[in-house]
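Peer 1: mind looking at a prediction? Sequence and model below.
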Amino acid sequence: MNVLLIGVMLLGVLQQPTREIDLYVTDYMAPADVEPEPLGGRRSQRATLFATPGEYEPVAFALANSAPLRDVRITRSALIGPMGVIPSADVRVRSVERVPGLGRSVLADLDPRLELPAGSTRLFWVTVRVPPDSEPGLYAGTVSVASAGETIARLDLVLDVLPLRLEEPPFALGFNYSNPHDPEALADHLADMREHGMTVVAPLYDFHLPVDDDDTTELGAFIEAYQASGFTQPMYFATPMLLSLNRLPGYGPIDSKRFQQKYIEVMQRWYRETSAHGQLTLFSIGDEYTNRGLEGVREGGQLARFVFEELPELATTSDMNGYREVMEMAPYLNVAAFNNGWDGIDHHNGGRKLVNERFISELRRETGAIPWFVNTGSGRLPFGFFFWRMSKLGVRGKVEWYYNLGTNRQGSVIHIEEGSLRPTLDYERSREGVDDLKYLVALEERIAEARTTGIGIGEADAAAELLEQLEQSVIPDWTAYAERDVSFPADGFQLLDPDRAVSLGSFNALRRAVAEHIMALDRALR
């Protein structure tokens, strides 16, 4: 990892210019808990990163000062190498700030004249965007800190651009989304999600419900923006779940003819809009019926069967949070989207958890629905190595809560202030997880190519052994990480020379090991 936000990060403590920088690595003690640990007791002024063309790679540093600092200015240079230049515009420095009421830290643009009181420690975040046309090789530059016109600290950055091209992973990964009712903001939000590696968006709140009219223009505008932003996965349309919650007042219960006629009418209006744009769409029809006890579970099953029989043209899912709810609805759904599960207020699920190998095997065997995760956690591990491990069991998607819940509501992975998007650290970690996934998928593809062509079999065998080690290192049960404080990777799991591993951090050590096998296979396959 490379950041407090992403999982593994280098944290340099900048002090007076006569002293060196202390580098730290940030690693997961648990998925939601990140703690800084000394980097082998070493001191350095250098942070070494690696990335592929088109990738974003972060590093963080802290500025600790015993005396007050006034007029603090942080500048960054271009990264220069024998094969070219990464412009300074692609090296972005932001400060890490706590937002009152948000409960999360966000990245904010730097104040042009920062004042730091005595005895303070301030964390800053550097994100390097490697231009897609960058040539492989080493690039070097600096981040400099000046106070009152005098340079007081400098962090040297060394970036190793790898000779690899990573493609989008073949999974649906994204967040729920609220309509901003502003075309420019919509375009900015979708571009931001794409830059963070997301492959799907799940529109939910603030989209017009065509109950009393046939106006679906808001959905049409969203689809056009979605396609223009380059999303290729089917859209996860979550707004229909509102129909079965409280948005069809006066139409009676789900089994009434009046409700069913209106429900079909509204869903067909939406389906015509998605079809007119040629947009493959997964319609989410329900929302956590477990919360209503066994009566709610029966209602969810009734709705799923009704939609299955009366609207066979729709591809459907439901946001589910309990064992009996999933097993009641999934036989009538294309995709079963679930979190780790809840007993329900009446404890009708008997403690069954869902995000694990045992349940997913049962789900696929008994229902045939494709498993997706919904609200199982933002961050590097759940979007990366853990998701990859669960994909071996047939999981094909992941939708998280929430990109922009209201304007600045707690639970959003961005904070919007005067039109500026301030990402949370959880959101930044998620991007690193998707990047881990890209490396893993790329290695799997190279192994498959070698097996097909018969070229590079030795390299393919070595790479397959690494992937087997990685697969065995991930516990296929989210409860272990979310509730039992199990860390990943487990203590003592070393794939690189210890000296290299300590300089990279455990997550990036794993990523680097994967990258080196990809490069070995590329050389063999050439």
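Peer 2: Good, I have the coordinates. All values reported here derive from a predicted model rather than from experimental measurement. Numbers count the residues shown, from 1 in each chain.
Peer 1: what about residue 71, distance to residue 151?
Peer 2: 13 Å (CB to CB, to the nearest Å). (Each C-beta comes from the backbone N, C-alpha and C, glycine too.)
Peer 1: lowest-confidence helix or strand of the protein?
Peer 2: strand 22-30 (a mean of 35; mean pLDDT, DSSP states H and E).
Peer 1: tell me where the stretch 351-500 of the chain has strands.
Peer 2: In the stretch 351-500 of the chain, the strands defined using DSSP state E, counting those that start in this stretch lie at 370-374, 397-400, 414-417, 420-423.
Peer 1: now mean pLDDT too, for the ones you listed, in a markdown table please.
Peer 2: As requested, these are exported to a markdown table (pLDDT from 0 to 100):
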| stretch | mean pLDDT |
| --- | --- |
| strand 370-374 | 98 |
| strand 397-400 | 98 |
| strand 414-417 | 91 |
| strand 420-423 | 94 |
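Peer 1: what residue ranges in the stretch 201-350 of the chain score low on pLDDT?
Peer 2: 246-247 (pLDDT under 70).
Peer 1: do that again at 90, thanks
Peer 2: 232, 244-250, 252-253, 255 (pLDDT under 90).
Peer 1: any weak-confidence spans in the stretch 351-500 of the chain?
Peer 2: In the stretch 351-500 of the chain (pLDDT under 90), the answer is 406-411, 417-419, 484-500.
Peer 1: do the stretch 51-200 of the chain as well
Peer 2: By pLDDT under 90, the weakly predicted segments of the stretch 51-200 of the chain are 59-70, 82-83, 96-105, 111-125, 145-156.
Peer 1: that one: strands as residue ranges?
Peer 2: 56-65, 69-76, 79-81, 84-86, 91-98, 105-109, 114-116, 120-129, 137-147, 150-161, 172-177, 200-203.
Peer 1: list the buried residues in stretch 78-88.
Peer 2: Using 16 or more other CB atoms under 10 Å as the test for burial, stretch 78-88 gives 78-79, 81, 84, 86.
Peer 1: name the surrounding residues that touch the helix or strand encompassing residue 304.
Peer 2: According to DSSP states H and E, residue 304 maps onto helix 293-310. The contact list for helix 293-310 (CB atoms under 8 Å, 6 or more residues apart in numbering) reads 244, 253-255, 260, 263-264, 267, 285-286, 289-290, 292, 314, 316, 318, 320, 322, 324-325, 328-333, 344-346, 348.
Peer 1: the same query, at a cut-off of 6 Å, please.
Peer 2: When contacts are defined by CB atoms under 6 Å, 6 or more residues apart in numbering, helix 293-310 is touched by residues 244, 254, 264, 285-286, 289, 316, 324-325, 328-329, 332-333, 344-346, 348.
Peer 1: and for stretch 84-100?
Peer 2: 74, 76-79, 105-108, 110, 123-129, 135, 139, 415.
Peer 1: now a PyMOL select for only the buried ones of these.
Peer 2: Buried residues within the contacts of stretch 84-100, by 16+ other CB under 10 Å, are selected in PyMOL with:
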select buried, resi 74+76+77+78+79+105+106+107+108+123+124+125+126+127+128+129+139+415
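Peer 1: can you show me the strands along the stretch 201-350 of the chain?
Peer 2: 235-237, 281-287, 315-320, 335-338.
Peer 1: mind putting the ones you listed in CSV, distance to residue 67 and mean neighbour count included?
Peer 2: Shown next, in CSV, are the strands of the stretch 201-350 of the chain (distance: least, CB to CB, whole Å; neighbours: other CB atoms under 10 Å):
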stretch, distance to residue 67, mean neighbour count
strand 235-237, 53, 26
strand 281-287, 55, 24
strand 315-320, 53, 26
strand 335-338, 54, 27
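Peer 1: that older thread, how about the helix holding residue 304: buried residues?
Peer 2: Applying 16+ other CB under 10 Å to helix 293-310 flags 294, 296-304, 306-308 as buried.
Peer 1: to residue 56, which of the strands of the stretch 351-500 of the chain lies closest?
Peer 2: strand 420-423 (11.1 Å; CB to CB).
Peer 1: can you give the strand pairings for the closest one, parallel or anti for each?
Peer 2: Applying DSSP bridges to the sheet, strand 420-423 is found paired with strand 414-417 (antiparallel).
Peer 1: and the partner strand, how far from the chain's centre?
Peer 2: 17 Å (CA atoms, centre = their mean, to the nearest Å).
Peer 1: quick one: contacts of it?
Peer 2: 99, 102, 106, 407-408, 421-423.
Peer 1: again, but for stretch 477-484
Peer 2: Applying CB under 6 Å, 6+ apart, the external contacts of stretch 477-484 come out as 31, 340, 353, 355-356, 486.
Peer 1: and the end-to-end length of stretch 85-94?
Peer 2: One end of stretch 85-94 to the other measures 22 Å (CA to CA, to the nearest Å).
Peer 1: got it, and stretch 89-109?
Peer 2: Start and end residues of stretch 89-109 are separated by 14 Å (CA to CA).
Peer 1: buried ones in that stretch, by neighbour count?
Peer 2: The neighbour-count check on stretch 89-109 (16+ other CB under 10 Å) flags 90-96, 99, 102, 104-108 as buried.
Peer 1: what helices or strands is the longest helix belonging to the chain leaning on?
Peer 2: Using DSSP state H, we find that the single longest helix of the chain is helix 425-453. If you count contacts as 3 or more CB pairs under 6 Å, 6 or more residues apart in numbering; DSSP states H and E, helix 425-453 packs onto helix 380-383, helix 385-391, helix 457-473, helix 506-525.
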